[in-house]
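Engineer: Mind looking at a prediction? Sequence and model below.
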Amino acid sequence: MDCPVAWVNSIGLGLDIAGVVLLFFFGLPAEVSRSGALYLSWGANEEEARKGRRYERISRFALVLLVVGFALQIASNWMPWATLERSEAAHEAGEVREGGNAGAAISADTARRREPALEEAVH
């Protein structure tokens, strides 16, 4: 596997997109009239009841897709591979001394690059 973090993040994003598309077509589950109208009925229509149950199931499934998708995206930020990849990239760039912190080295390097630009702007 080339980059498991990217795959987990991409799968999460795909689930989010699928959930939003389903919610667009089937709406959020609710027990209220969206038009605000009150309907009086003298009997139940079984076809409409089936349609209502179907919409309810699909909209709840869409919400589950959204939650799982967001959870995967958050998890991909905290996966051990993500930190490993960042620190390996810093080592390859020569920004980390032995026993050093990759994040601190990257931040220090970024600050060093910005210092000359700040000095030129001041003078």
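Structural biologist: Good, I have the coordinates.
Engineer: in stretch 14-27, what's buried?
Structural biologist: Residues of stretch 14-27 classed as buried: 15-16, 19, 22-23, 26 (neighbour count, 16 or more other Cβ atoms under 10 Å). Glycine gets a C-beta too; all of them are placed from N, C-alpha and C.
Engineer: do the same with stretch 46-59
Structural biologist: Result for stretch 46-59 [16+ other Cβ under 10 Å]: buried residues 58-59.
Engineer: Please enumerate the strands of the protein.
Structural biologist: Shown for the chain, no strands are assigned by DSSP state E.
Engineer: so where is it shaky, pLDDT-wise?
Structural biologist: 1-2, 30-34, 36, 38, 81-123 (pLDDT under 70).
Engineer: re the thing from before, including distance to residue 37, could the buried residues of stretch 14-27 go into JSON lines?
Structural biologist: Formatted as JSON lines, the buried residues of stretch 14-27 follow (distance: Cβ to Cβ, whole Å):
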{"residue": "15", "distance to residue 37": "35"}
{"residue": "16", "distance to residue 37": "33"}
{"residue": "19", "distance to residue 37": "29"}
{"residue": "22", "distance to residue 37": "25"}
{"residue": "23", "distance to residue 37": "23"}
{"residue": "26", "distance to residue 37": "20"}
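Engineer: Helices - which of those residues land there?
Structural biologist: 15-16, 19, 22-23, 26 (DSSP state H).
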